[in-house]
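S.K.: Need the 3D shape of this:
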Amino acid sequence: MDPIALAVIGGTGLYRLAGLEDVEAHQPPTRYGALSGPVRIGRLAGRRVAFLARHGEGHSVPPHLVNYRANLSALHALGARRVLALNTVGGITGNYGPRVLACPDQLIDYTWGRISTFCEEPGSEVLHVDMGDPYSPALRREVLAAALAAGVALVDGGCYGATQGPRLETRAEIARMRRDGCDLVGMTGMPEAGLARELGLDYACLAIVANWAAGAGPQVDELITLDDVLANVAAASSGLPVLLEALLA
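M.R.: Numbers count the residues shown, from 1 in each chain. I've put the predicted structure just below:
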């Protein structure tokens, strides 16, 4: 059986991978507990691809309770070595408005209380992984080239700020994040990226902008509704199938 060419982790509003055929469900046991849901492995553009819904296929797992260690260790055990994380985010700065796709190159972690390393298990090796570039530069280049080839608009770069959730942020928190240099805000970017690095996985993020963050858009008092978020995610992700096909090619 040929290896898994790519693993995709889906975020809010992305619970299935369009075009995935001949699908088999896998839910291997891990020493870290249960996954968010089954890993569905099938074929896309003639290649074996794995898909996992980060929040569960019914969106039942909030961001601070996602078992990131189980999810990534299961993908690794199934043979995945390249992971494309789809993250639904809010936009903070001008190039990152609703319905934009972005491939960030930097990351700031504002989360707390999450298990953020594989080094906590008794007998585990203590790893001090290099996170200067939190996303794998080579995979980022491939994603950007695939978007160009597929004719999908994709913003190159930006800083993702990972917050605790599940609540959205205050205007003051977003203002601080803007001062810190964040362009995007989401709730699932960490510890996922750090754990992927500890496992030696190539890992990149495709950020799907669902809304302006609090106080960041042209209408600073605009309320964020789930209906708007899901509509913007659907619109922004419409180009994902052709982008993924180009990436797999």
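S.K.: Tell me which residues touch residue 232, please.
M.R.: 98, 99, 209, 210, 211 (Cβ atoms under 8 Å, 6 or more residues apart in numbering). Placement of C-beta: from N, CA and C, glycine included.
S.K.: Let me know whether my guess that residue 141 is in a helix holds.
M.R.: Yes - Residue 141 sits within a helix when classified using DSSP: H, G, I helix; E, B strand; the rest coil.
S.K.: which among the contacts of residue 232 gets closest to residue 60?
M.R.: residue 210 (19.0 Å; Cβ to Cβ).
S.K.: check contacts around the closest one.
M.R.: Contacts of residue 210 (Cβ under 8 Å, 6+ apart): 12, 13, 88, 89, 90, 98, 228, 229, 230, 232, 233, 236.
S.K.: what residue ranges in the protein score low on pLDDT?
M.R.: Across the chain, the ranges flagged by pLDDT under 70 are 219-222.
S.K.: could you pull out the strands for it?
M.R.: Here the chain has its strands, by DSSP state E, at 4-10, 21-26, 39-44, 47-53, 82-91, 101-103, 106-109, 155-156, 159-162, 184-186, 202-212.
S.K.: which one of the ones you listed is the most hemmed in?
M.R.: Ranked by average neighbour count under the criterion mean count of other Cβ atoms under 10 Å, those are headed by strand 184-186 at a mean of 29.
S.K.: And it, what does it pack against?
M.R.: When contacts are defined as 3 or more Cβ pairs under 8 Å, 6 or more residues apart in numbering; DSSP states H and E, strand 184-186 packs onto strand 82-91, strand 159-162, strand 202-212.
S.K.: Make JSON lines from those strands and add distance to residue 66 to it.
M.R.: Converted to JSON lines, the helices and strands packed on strand 184-186 look like this (distance: least, Cβ to Cβ, whole Å):
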{"stretch": "strand 82-91", "distance to residue 66": "12"}
{"stretch": "strand 159-162", "distance to residue 66": "12"}
{"stretch": "strand 202-212", "distance to residue 66": "15"}
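S.K.: Nearest to residue 168, out of the ones you listed?
M.R.: strand 82-91 (7.5 Å).
S.K.: Dump the C-alpha coordinates for that closest one into CSV.
M.R.: This file holds the C-alpha atoms of strand 82-91, laid out as CSV (Å, rounded to 0.1, in the frame of the first residue of the first chain):
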residue,chain,number,x,y,z
ARG,A,82,3.1,15.9,6.0
VAL,A,83,0.2,17.7,7.7
LEU,A,84,-1.8,20.6,6.4
ALA,A,85,-3.8,22.2,9.2
LEU,A,86,-7.0,24.1,8.3
ASN,A,87,-7.7,26.7,10.9
THR,A,88,-10.7,28.9,11.0
VAL,A,89,-9.6,32.3,12.3
GLY,A,90,-10.4,36.0,12.7
GLY,A,91,-8.7,38.7,10.9
